[in-house]
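Engineer: quick one, fold the following:
(one chain, ligands or ions: 2)
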Amino acid sequence: MSGFGPGVDRSAPAASAGAFADSRPPASDRSGVGSTGPGSAPAVPSIEFEAVSFAYPDGTRALSQIGLRIGSGESVAIVGQNGSGKSTLVRHLNGLLRPTTGRVLLDGNDVRPIHVARLASSVGLAFQNPDCQLFSGRVSTEVAFGPRNLGIHGGELEERVRAALEEVGLDAEASTNPYDLGYSRRKLLALASVLAMRTPILALDEPTTGQDARGVARVRDVVARAFGEGRTVIAISHDMRFVAESFRRVVVMREGCIVLDGAPDVVFGEAAWGELRASYLEPPLPSVAGARLGLGATVTEAAFVAALERRAGTISR
Ligand SMILES: Nc1ncnc2c1ncn2[C@@H]1O[C@H](COP(=O)(O)OP(=O)(O)OP(=O)(O)O)[C@@H](O)[C@H]1O
Ligand SMILES: [Mg+2]
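Structural biologist: Ligands and ions are numbered 1, 2, ... in the order given. A predicted model of the protein is given here:
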């Protein structure tokens with residue numbers, strides 16, 4: 001146990017955006033997030049996008065006036081149609097991209113003058129395309145690269161590599177060449193490389209793409225664990241089931257703008273279906289089925305089954 005709060009009560013109702021309350025102590029009271037060694041305990045910075053617009057050099061306008069605040073320790077899924085600006089948005093978190101206009105702030109500090117290498121100690125970004133991230137000829141060397149750049153060496157480095165590979169189920173592949181792994185396992189390797197850095201903020205760009213049920217479950221566990229430890233977890237996904245089950249807040253993007261932002265039962269609730277479908281998104285099946293059967297907001301299978309059981313109990317009594 002890393003000394004963080006009591007972990008995540010998944011049965012608790014998801015908190016609303018902007019008023020993210022959970023049972024954990026404030027991040028500033030937790031220790032060990034992103035720790036670089038015994039005794040060091042950097043807090044988890046808040047994130048703020050302040051009227052951020054971004055255009056690529058060819059003139060493509062990818063973000064328009066984004067205003068978004070993500071508090072310390074939130075779990076946020078970003079969803080939206082292809083090309084809506086999701087990846088562009090998260091690439092602003094670690095300085096890979098800088099706003100054309102507007103500001104990105106970490107704990108109130110504009111990140112513009114902060115070098116990418118320094119931002120890397122706060123934000124770990126797992127790329128959408130792992131092949132843009134991986135470069136080493138050996139799995140263990142790949143995973144060691146990030147933490148080594150943060151100044152981690154020796155036994156601590158070995159332990160981080162071992163733990164990160166174990167967390168994604170690649171512990172038996174430490175000596176393998178990453179390019180001998182299939183796409184789905186290269187995705188997991190890219191995730192392990194970021195996990196090994198133990199950054200207070202984790203940003204995962206489509207972590208479940210290409211994963212079978214076991215792979216999705218691993219990613220779900222990674223998200224739950226990081227969130228339970230008090231880190232901020234942000235993930236882009238097209239998998240609404242994963243989003244509904246793993247995140248407390250959902251941000252929907254369309255054409256470079258945020259069009260919905262709230263707890264899963266609100267964003268996937270019937271009142272939002274029109275907006276979702278305008279963004280080429282389908283609400284999770286349990287939401288639709290729950291609404292059709294008059295069961296109320298049932299965004300996850302577990303919530304749907306529980307609501308059905310409650311109704312069955314009421315009928316048989
Ligand atoms: N390097 C680039 N140069 C020019 N335009 C780009 C570049 N990368 C992305 N774009 C454009 O910027 C817009 C936003 O792209 P982005 O990759 O952020 O979308 P996305 O929501 O992540 O999409 P997807 O779901 O397909 O991953 C799109 O119009 C895309 O074509
Ligand atoms: Mg993308």
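Engineer: for the chain, name the helix or strand with the lowest mean pLDDT.
Structural biologist: Here the helix or strand of the chain ranked lowest by mean pLDDT, DSSP states H and E is helix 301-316, holding a mean of 88.
Engineer: kindly export it (C-alpha atoms) in PDB.
Structural biologist: Taking Å, rounded to 0.1, in the frame of the first residue of the first chain, the C-alpha atoms of helix 301-316 are listed here in PDB:
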ATOM      1  CA  GLU A 301     -23.900  -3.700 -16.900                       C
ATOM      2  CA  ALA A 302     -23.600  -4.000 -13.100                       C
ATOM      3  CA  ALA A 303     -26.000  -1.100 -12.500                       C
ATOM      4  CA  PHE A 304     -28.400  -2.500 -15.100                       C
ATOM      5  CA  VAL A 305     -28.400  -6.000 -13.600                       C
ATOM      6  CA  ALA A 306     -28.800  -4.500 -10.100                       C
ATOM      7  CA  ALA A 307     -31.800  -2.400 -11.200                       C
ATOM      8  CA  LEU A 308     -33.400  -5.400 -12.900                       C
ATOM      9  CA  GLU A 309     -32.900  -7.500  -9.700                       C
ATOM     10  CA  ARG A 310     -34.500  -4.700  -7.600                       C
ATOM     11  CA  ARG A 311     -37.400  -4.700  -9.900                       C
ATOM     12  CA  ALA A 312     -37.700  -8.500  -9.900                       C
ATOM     13  CA  GLY A 313     -37.600  -8.400  -6.100                       C
ATOM     14  CA  THR A 314     -40.400  -5.800  -6.000                       C
ATOM     15  CA  ILE A 315     -42.600  -7.800  -8.400                       C
ATOM     16  CA  SER A 316     -42.200 -11.100  -6.500                       C
END
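Engineer: by proximity to ligand 2, which residue of this protein wins?
Structural biologist: Ser87 (3.1 Å; CB to the ion). Just so you know, the C-beta spots here come from the backbone N, C-alpha and C atoms, and that holds for glycine as well.
Engineer: rewinding a little: now do the buried residues in the least confident helix or strand of the chain.
Structural biologist: Within helix 301-316, the residues that count as buried by 16 or more other CB atoms under 10 Å are 303-304, 307-308.
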